[in-house]
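1. The following block contains a protein sequence and its predicted model.
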Amino acid sequence: MSEKNSVLIVDDEAMNITALSHILKNDYTIYVEKDGIGCIEAAKELKPDLILLDVLMPAMSGFEVINELKKDETTHDIPVIFVTGLNNAQDEEMGFLRGAADYINKPFSSAVVKLRVHNHMKIINQMRLIHQISITDALTGIGNRRFFYSQMEHEWQRSLRQQTPLGFMMLDIDNFKEYNDKNGHLQGDAVLKNVAEIIKSSLTRAIDIVARWGGEEFVVILPDTPLEGTKAVAERIRESVEKSGLTVSIGVNCTIPMKENCTQENFVSDTDKALYQAKSEGRNRVVCHRG
C-alpha cells in the first residue's frame, strides 16, 4: 500500500481545522497548526505535500506566511491553497501573485475542498513521478548523472556550511568492454545491474548516495565521511565485487569545501585522476587522491 500524501491545515479557528480535517482525514495524512509561525516551522520539519492556509490570522497573515515559505529553499515548492473568507478579486490576485496554487472561499463546501485537494495532489504526484524518472538510470534503477550532479551540489553546499568532510569515489568495472564484446550486451547489462546492486548493499547509511556516471562507471557520495572512512567503504565495495567474479578500480577523494580555491569540478576531476591511476597500476585496487 502506497504512503498517503500529507496536508498541513493552518487556521486560527478550531472549528475550521476540525471541519477540514474531517473532510480530508480518510484520504491524507493530516497535520494542523493554529498560526503562521507554527505553519512555517511545521512545513520545514514535516515537508507536507500541500498546505491549506488561512489568510486572516493574528500576528502573521497568510500572505506573510506564504512570503516566508517561498523564500526558503526547503519549503519553496510546497503548494499553498488559501482557504479564506476574503473572496474579492483583489485579494485572490494578491494571493496568486505571492505564489498560491489555488483559492477556496469560506464557507467552504466539503465536495469542493475534496476535489480541489485531489486535483492538486494528482498534479503533485505526476510531477514527482516525472522528476523521479528523469533522475533514474533506466538499466540499473539507481540515480543517473543528472541525479548525481543535483546531489553533489546539495551535499557540497551542506559541507561548506557545516565544514564537515565530504567523501567521494569513482568506480570503473575492469575490462568491461572485452567482457561485453565476448558475452554480448545482455550479459553486459546484467553485470552493470549486479555491480550497482553490490554498491548499494555495501552502503550502510541512508544518507550515502550512489549513481551511474555512465557506461561502466559509477560514483558514490559519502556525506560527513573522512578520507579513511571513504577508503574503507571503497575497499568493502571492491572486495564484494571481486567475490562476484568481477573486479573494479576505484578512485577515492575527500575534502572539506572552502569558499575559495576549491570547486566541485576540481574535486571530481581529481577523483577521476585517482581512478585512472588505479587502472594504470594494474586494476582491482583503490587509490586515494592526495591533494
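-> Structure received.

2. Give me the helix or strand of the chain that scores worst on average pLDDT.
-> Here the helix or strand of the chain ranked lowest by mean pLDDT, DSSP states H and E is helix 89-97, holding a mean of 85.

3. Can you dump the C-alpha atoms of that helix in CSV for me?
-> The C-alpha trace of helix 89-97 is given here as CSV (Å, rounded to 0.1, in the frame of the first residue of the first chain):
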residue,chain,number,x,y,z
ALA,A,89,-10.9,39.6,-6.9
GLN,A,90,-8.2,41.8,-5.4
ASP,A,91,-7.5,39.5,-2.5
GLU,A,92,-7.3,36.5,-4.8
GLU,A,93,-5.0,38.3,-7.1
MET,A,94,-2.8,39.2,-4.1
GLY,A,95,-2.6,35.5,-3.2
PHE,A,96,-1.8,34.3,-6.6
LEU,A,97,0.9,36.9,-7.0
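
4. Contacts for the next helix or strand after it next, please.
-> Next in sequence after helix 89-97, counting helices and strands by DSSP states H and E, comes strand 102-105. For strand 102-105, contacts defined as C-beta atoms under 8 Å, 6 or more residues apart in numbering pick out 52, 79, 81-85, 87, 92, 95-96, 112-113, 116, 120. Bear in mind the C-beta positions are built from the backbone N, C-alpha and C, glycine included.

5. Which of those residues sits closest to residue 285?
-> residue 79 (49.8 Å; C-beta to C-beta).

6. right, and the closest one touches residue 124 too?
-> Yes. Under the criterion of C-beta atoms under 8 Å, residue 79 makes contact with residue 124 at 6.7 Å.

7. which neighbours do the two share?
-> Joint contacts of residue 79 and residue 124 (C-beta under 8 Å, 6+ apart) are 49-50.

8. Burial check on residue 266, number of neighbours?
-> 13 (other C-beta atoms under 10 Å).
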